[in-house]
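1. coords below, sequence missing:
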């Protein structure tokens with residue numbers, strides 16, 4: 001079965017949302033090169049997302065993200081710069097509730113919400129597998145990170 005990955009990244013937050021969108025685009029390209037289907041089809045930056053919301057497409061954007069996360073075989077969260085109020089945490093909640101395995105990619109020291117941190121390493125019972133990859137995406141080889149993400153998607157992978 002072909003992996004279907006949803007990439008969640010902060011559009012607003014404490015870091016540099018434009019850099020997060022660039023990283024998401026690079027990761028999307030790397031995952032597609034490794035044979036994955038990747039959603040969303042277009043990675044948008046803060047300015048584009050804000051203009052869509054102002055034009056009345058906010059509900060459509062939220063609905064699309066929830067549906068795409070729920071139907072993905074994996075959620076990948078780029079957590080650097082994500083504030084406590086970031087939508088990436090809503091997408092993480094959708095994944096936990098729908099049983100979608102999740103990989104969080106974050107620099108060392110990046111704090112994650114308590115419930116998500118508590119779920120890391122879970123691969124049995126009612127929660128899906130949740131893993132963390134510690135990587136500074138500004139300095140890491142994005143293709144190596146993409147390969148590590150896909151390795152975690154394999155059944156029986158270590159946390």
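-> Structure's in. What do you need? Just so we're clear, the structure is a prediction, and the values are computed from it rather than from any experiment. Residues are numbered from 1 along each chain as shown.
2. Quick check: residue 108 touching residue 134?
-> Yes - assessed by C-beta atoms under 8 Å, residue 108 is found in contact with residue 134 at 5.4 Å. For glycine as for every other residue, the C-beta is placed from the backbone atoms N, C-alpha and C.
3. ok, these two, which is more surrounded?
-> Set side by side, residue 108 and residue 134 show more neighbours around residue 134, with 12 against 7, by other C-beta atoms under 10 Å.
4. Find residues that contact each of residue 108 and residue 134.
-> Counting by C-beta atoms under 8 Å, 6 or more residues apart in numbering, residue 108 and residue 134 have no shared contacts at all.
5. residues touching the closest residue to residue 98 other than its chain neighbours, list them.
-> Nearest residue to residue 98, sequence neighbours excluded (C-beta to C-beta, 6 or more residues apart in numbering): residue 70, at 4.5 Å. Contact analysis of residue 70 by C-beta under 8 Å, 6+ apart lists 94, 95, 98, 100.
6. Which of those has the largest number of neighbours?
-> residue 95 (26 neighbours).
7. All the helices of this protein, residue numbers only.
-> Under the criterion DSSP state H, the chain contains helices at 17-33, 46-52, 58-71, 87-98, 114-119, 142-152.
8. And these: which comes nearest residue 77?
-> Set against residue 77 and scored by C-beta to C-beta, these come closest in helix 87-98, at 5.1 Å.
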